[in-house]
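Here's a sequence, model it:
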Amino acid sequence: MKHFLIALFACACNWAFSQNCNLSVSEKKHWTKAVTFVENATSNEDYLLAVREFEQILVSNTSCPDVYYNLGLICTKLIPLKGEKFANNAKNYYGLYAELKPEEADTIEEELIAIEALLEKYYNDLKASILKNIEGIWEKRYYYKGEDVAHSNLQISNSNDNLNIIWDKRNVYNIQIKDNGLSFCVDSDWYGLDSDEGIGQYDHEAFVTYYYISLLNFNQLEISEFKIKTQYYYQKIKIHEKECQGHIREIFERI
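Next up is the predicted model:
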């Protein structure tokens, strides 16, 4: 099967190849610009520009398999930039190509295997980079009228790929690498006797707070709440559950 990796073709071959798809004048213009961006690429931004030009062809022409294949190749090339986003885009474009060229199913299967390998490498590299910079002991100090009245300690470690977070005496679990930081959950409870309009009487609230850690710089990180799940119980029976967006953001300093 002839692979259409446009960066390896001379310009004349590209034009001949595009004409096989019966492109219009404006579509050929987008094709040529895309090819030029790829052949002269010096950064990922050039590949992104090529993607935009190829996608412009799809606005008016969705029947050219060559466009889908080239988009699949470029998005695969961009997996180290954004990981899953471009991996999913590449899979989608290869799938559309296979619908138009079912005889190339074996070739597309090879490309999908390559995508999974690149995505695995992306996450391994991301994990190593994050852990290299975020491991350590961090502290948040609280002041009242200029006096240091309390502090909170956060310890992040990684042993044999086993992530661990110790945050004061909180129950931290479900630690995951997410985007360019870490996400985790914390459980907490409140016992008492109360009532809430629309809920009824309850004697126990169970909270699951979802946090995200992002590194601001080498010496500072931010912990933010991005979701809080609250469960209401009465005599150990759950009577209601709700979710809301978290709002707390705290800055910790490396010590």
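
what's the neighbour count on the closest residue to Lys127 other than its chain neighbours?
In this structure, Lys127 finds its nearest non-sequential neighbour in Ile177, 5.1 Å apart by CB to CB, 6 or more residues apart in numbering. Glycine gets a C-beta too; all of them are placed from N, C-alpha and C. Neighbours of Ile177 under the rule other CB atoms under 10 Å: 17.

quick one: buried residues of stretch 233-242?
Within stretch 233-242, the residues that count as buried by 16 or more other CB atoms under 10 Å are 233-234.

rewinding a little: didn't the residue nearest to Lys127 look like it was pressed against Tyr123?
Yes: counting by CB atoms under 8 Å, Tyr123 is a contact partner of Ile177 at 7.2 Å.

helix, strand or coil for the residue of the chain positioned farthest from its centre?
Most distant from the centre of the chain: Leu193, at 41.8 Å, with distances by CA atoms, centre = their mean. Three-state assignment for Leu193 (DSSP: H, G, I helix; E, B strand; the rest coil): strand.

Any stretches of the chain with poor pLDDT?
By pLDDT under 70, the low-scoring segments of the chain are 1-19, 195-197.

re the thing from before, could you report the distance from the residue nearest to Lys127 to Pro80?
16 Å (CB to CB, to the nearest Å).

so where do the strands sit in this structure?
136-144, 147-159, 162-167, 171-178, 181-196, 200-217, 220-234, 237-244, 249-254 (DSSP state E).

who wins for proximity to Lys101 among those strands?
Closest approach to Lys101 among the strands of the chain (CB to CB): strand 171-178, 36.6 Å.

Any idea what the residue nearest to Lys127 is bridged to?
Leu182 (DSSP bridges).

For it, list the residues it contacts.
Listed by CB atoms under 8 Å, 6 or more residues apart in numbering, the contact partners of Ile177 are 123, 126-127, 130, 163.

now do Phe226
By CB under 8 Å, 6+ apart, the residues touching Phe226 are 183, 210-212, 245-246.

So the closest residue to Leu118 other than its chain neighbours versus Thr107, what's the distance?
Excluding its sequence neighbours, the residue lying closest to Leu118 (CB to CB, 6+ apart) is Ile79, at 4.4 Å. According to CB to CB, Ile79 and Thr107 sit 18 Å apart.

More neighbours: these two, which one.
Using other CB under 10 Å, the more surrounded residue of Ile79 and Thr107 is Ile79, with 22 against 17.

Filter the contacts of Ile177 down to just the buried residues.
The buried subset of the contacts of Ile177 (16+ other CB under 10 Å) comprises 126, 130, 163.

Can you convert those into JSON lines and add a column each for distance to Glu116?
What follows is these, written out as JSON lines (distance: CB to CB, whole Å):
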{"residue": "Leu126", "distance to Glu116": "16"}
{"residue": "Ile130", "distance to Glu116": "21"}
{"residue": "Leu163", "distance to Glu116": "23"}
